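>>> Fold the following for me, if possible:
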Amino acid sequence: MTYLDALPPYALSLAAAVFLLLAGWRAWENNIKTATFFGGLFLLCTLLVYFPQLDSINAIGVNVKLRKNLDRAQDILDQLKQLAVINAKSSYSQMAWGNRMGNSPATERADMFDAINDQLIALKLSEADRRELAQPIVEFIGVDLYVIYKNVFTRWLFWKEHDIAHRNGTDGKLVQAFHDGRSDWLRASARGPGDELKYYDLESFLRKATPAQMLDANERVIADRFISEILSLYNGCRKKGGYTHDAALYLDKYDNISGADRKVRELFGVEPSAIP
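Numbers count the residues shown, from 1 in each chain. The predicted structure follows:
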């Protein structure tokens, strides 16, 4: 009798449950690497619970001698697939919503997504089912890209208002008119894709978030290029059904105020952070 044979099934089942809870907890705290580690232990314990009942199995790179027929093996694989789906759904939800509360780097979330997706592929979950599970992630990638776009123009208009005041200090009407226009734009663009999620058209929201009336002809061309850049990244994620490497790097680079200022420098050649 091997050591695994001597273990009572409920011990491994309990360990699997504990590791699943730990994986969810660490994902909630945005510790992606630790969450991935506990998720792997959860799947390992789940496999070991069923090993003593098998005759032969070949899944996710594991070969085991079996004790029962192929029908039983398929039944167990189906149960493993269901458990993997539950784990993926929980992890994807944590990755999507956890970003609202101070997040781990998008590149780490992308690595975790790829690891989970590879497990689902190994368990032969269909592409349609994998895409459905990852839909919340894709939705929030669009939201995060929109926030970058909105923050960039918020910082650009902030700089431009101070620049007008600096160049026309004695003409308060010009400054007040620009300030009023900026306030109107903020009100008009208050609703974003995060208010609709599954039903939003990202390009439409980006257009609404463009202060076109406050931009000159050259600045509107820059805004159009910026929109195309955002949409290209988002459509790449939609095509993959999750994070792309380029989108993850982009989010890490620009998804905060200092990142928005960096993008303003790249687009318009000015420095918003230099304004007191």
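>>> can I assume Thr154 is in contact with Ala260?
Yes. Assessed by C-beta atoms under 8 Å, Thr154 is found in contact with Ala260 at 7.3 Å. No exception for glycine: its C-beta is placed from N, CA and C like everyone else's.
>>> For these two, indicate the residue with more neighbours.
Ala260 (24 against 19; other C-beta atoms under 10 Å).
>>> Next, give phi and psi for Arg191.
Backbone torsions of Arg191, given as degrees, to the nearest 10, read phi -90, psi 130.
>>> Select the longest helix from this structure.
Criterion DSSP state H: the longest helix present in the chain is helix 127-167.
>>> what's that one packed up against?
Secondary-structure packing of helix 127-167 (3 or more C-beta pairs under 8 Å, 6 or more residues apart in numbering; DSSP states H and E): helix 70-98, helix 106-122, helix 172-188, helix 202-208, helix 217-240, helix 245-254, helix 257-268.
>>> Restricting to C-alpha, output the third one in CSV.
Listed next in CSV are the C-alpha coordinates belonging to helix 172-188 (Å, rounded to 0.1, in the frame of the first residue of the first chain):
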residue,chain,number,x,y,z
GLY,A,172,-10.4,86.5,-16.9
LYS,A,173,-13.1,85.9,-19.5
LEU,A,174,-11.0,83.6,-21.6
VAL,A,175,-10.0,81.5,-18.5
GLN,A,176,-13.5,81.4,-17.2
ALA,A,177,-14.9,80.4,-20.7
PHE,A,178,-12.4,77.5,-20.9
HIS,A,179,-13.1,76.5,-17.3
ASP,A,180,-16.8,76.4,-18.0
GLY,A,181,-16.2,74.3,-21.2
ARG,A,182,-14.1,71.8,-19.2
SER,A,183,-16.8,71.5,-16.5
ASP,A,184,-19.4,70.9,-19.3
TRP,A,185,-17.2,68.2,-20.8
LEU,A,186,-16.8,66.5,-17.4
ARG,A,187,-20.5,66.4,-16.9
ALA,A,188,-21.2,65.2,-20.4
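>>> Can you list the buried residues in that helix?
Val175, Phe178, Arg182, Trp185 (16 or more other C-beta atoms under 10 Å).
>>> The last one touches Pro211, doesn't it?
In this case it means Trp185. Yes. Trp185 is in contact with Pro211 according to C-beta under 8 Å; the separation is 4.4 Å.
>>> Kindly reformat the helices and strands packed on helix 127-167 as CSV containing distance to Gly194 and mean pLDDT.
Formatted as CSV, the helices and strands packed on helix 127-167 follow (distance: least, C-beta to C-beta, whole Å; pLDDT from 0 to 100):
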stretch, distance to Gly194, mean pLDDT
helix 70-98, 11, 67
helix 106-122, 17, 85
helix 172-188, 16, 86
helix 202-208, 9, 95
helix 217-240, 14, 96
helix 245-254, 15, 95
helix 257-268, 17, 94
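>>> And those: which comes nearest Asp163?
helix 172-188 (9.6 Å; C-beta to C-beta).
>>> could you give the angle of the closest one to helix 127-167?
170 degrees (axes from the mean of the first three to the mean of the last three C-alpha atoms, to 10 degrees).
>>> contacts for helix 172-188?
The contact list for helix 172-188 (C-beta atoms under 8 Å, 6 or more residues apart in numbering) reads Thr154, Leu157, Lys160, Glu161, Ile164, Ala165, Asn168, Lys208, Pro211, Gln213, Met214.
>>> Let me see the contact set for the second one.
If you count contacts by C-beta under 8 Å, 6+ apart, Leu157 has them with Arg182, Trp185, Pro211, Met214.
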